[in-house]
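Chemist: how would this look folded up:
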Amino acid sequence: MMQPLSILVTGANGLIGHRLCRRLLEDGHMVAALSRAEHPALLKPLREHGRLRLFRGDITDREFCRKLFRANRFDAVFHLAVARYFPDPAAQRLPALEETEAYRTNYEGTLNLFQAALGSGFGLPVWVQGSAMMVYDIEHLETMPVAETHPAAPVEPNGFSVLLAEEACRYFGRSAGLHDAILRFPGVYGTGKESGVIAKFVRHCLSGNPAPLEAPGNRTSDFLYAEDAAEALLLALSWLQANSGELPAAERLFHIGSGEEVSVAEAARLIRELTGANIDIVERPAAVSRRFCFDNTRARKVLGFRPRSLREGMSEYVNELMG
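Modeler: I've put the predicted structure just below:
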């Protein structure tokens with residue numbers, strides 16, 4: 001086990017962030033948990049922990065970021081804060097990128113953090129940055145499963161802003177010697193997330209509603225359990241601590257997938273089985289078929305990442321919800 005570190009976690013009240021904070025505290029680290037929420041509900045079980053400090057702030061506020069890094073010396077940063085752009089169905093076109101919360105948070109907010117760290121006077125911390133499958137054009141992938149070498153091709157503000165944040169990380173790695181790793185996640189599920197197809201299916205199956213559950217059989221995805229996402233982040237930090245020399249940027253990008261390509265209909269049937277719901281699953285093909293799965297070979301070989309199977313992760317998730 002590594003020596004105790006002072007660690008900043010942005011997006012600490014998120015699905016992955018609050019789990020990461022818990023794991024870091026269990027490992028003996030000092031954790032600065034940053035969230036925009038006035039009352040971060042997912043962090044409530046950790047609030048009384050003596051090594052946890054809660055910070056409320058917004059990374060789009062440049063001065064806040066400067067003050068945070070000047071007043072605190074961090075050995076490592078897990079940057080997980082992210083904002084989503086949700087399109088207006090009535091809009092005729094996409095908004096200007098710089099007008100979206102996704103751009104302001106994901107890109108400009110990331111720049112604010114990097115520049116604040118550079119100007120802190122404490123030196124640059126080790127940096128582990130979260131990213132997402134949105135950097136790809138999911139409906140026009142050239143190969144499957146998707147490896148880190150696949151060209152990024154975002155088609156909307158979420159993916160583009162996240163890719164810009166990745167490029168900012170790589171830029172500071174080249175120009176300032178930032179010791180970093182970027183982890184791209186697929187769809188992540190677990191308690192604390194109310195949106196997404198998995199949460200929707202689980203809620204329906206636990207509700208007692210006898211209505212059939214509709215699920216497309218012509219769409220596949222890579223479903224990752226949130227506990228595995230947190231574990232991957234910890235593995236990345238350990239790897240960076242052990243590999244202090246200069247590493248090519250291409251070797252510091254990891255696809256953190258489950259390794260399973262699963263149809264949405266198959267996931268629905270598994271959830272029905274695990275919850276014991278007495279309902280029908282109706283397969284209705286989506287208008288556009290789609291396949292997606294990350295190639296996690298690099299994460300397995302380099303980080304030692306070993307994710308749960310969908311059945312294992314889903315069983316833990318459902319059991320937690322059912323008490």
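
Chemist: which strand or helix spans the residue nearest to F294 when sequence neighbours are not counted?
Modeler: Leaving aside its sequence neighbours, F294 sits nearest to G257 (Cβ to Cβ, 6 or more residues apart in numbering; 2.8 Å). C-beta: built from backbone N, CA, C; applies to glycine. In the assignment (DSSP states H and E), G257 maps to no helix and no strand.

Chemist: could you do F64 as well?
Modeler: helix 62-71.

Chemist: which residues touch the helix or strand following that helix?
Modeler: Per DSSP H and E, helix 62-71 leads on to strand 76-79 as the next helix or strand towards the C-terminus. Under the criterion Cβ atoms under 8 Å, 6 or more residues apart in numbering, residues 5-11, 17, 20, 110, 113, 117, 125-130, 233, 237 lie in contact with strand 76-79.

Chemist: show the buried residues in the residues you listed.
Modeler: Using 16 or more other Cβ atoms under 10 Å as the burial test, those include 5-11, 17, 20, 110, 113, 117, 125-130, 233, 237 as buried.

Chemist: strands - which of those land there?
Modeler: Mapping these onto strands (DSSP state E) picks out 6-10, 126-130.

Chemist: and those residues as CSV, adding pLDDT and distance to V318?
Modeler: Below are those laid out as CSV (pLDDT from 0 to 100; distance: Cβ to Cβ, whole Å):
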residue, pLDDT, distance to V318
S6, 98, 36
I7, 99, 31
L8, 99, 33
V9, 99, 27
T10, 99, 30
V126, 96, 35
W127, 97, 35
V128, 98, 29
Q129, 98, 31
G130, 99, 25
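
Chemist: can you put the residues you listed in a markdown table and add distance to F78?
Modeler: Below are these laid out as a markdown table (distance: Cβ to Cβ, whole Å):
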| residue | distance to F78 |
| --- | --- |
| S6 | 12 |
| I7 | 7 |
| L8 | 7 |
| V9 | 5 |
| T10 | 7 |
| V126 | 10 |
| W127 | 8 |
| V128 | 5 |
| Q129 | 8 |
| G130 | 7 |
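
Chemist: which one of the residues you listed is nearest to F294?
Modeler: G130 (14.0 Å; Cβ to Cβ).

Chemist: show me the contacts for that closest one.
Modeler: 11, 16, 78-80, 82, 183, 185, 233.

Chemist: switch the cut-off to 10 Å
Modeler: Contact analysis of G130 by Cβ atoms under 10 Å, 6 or more residues apart in numbering lists 10-11, 14, 16-17, 20, 78-82, 162, 165-166, 182-185, 188, 229, 232-233, 236, 256.
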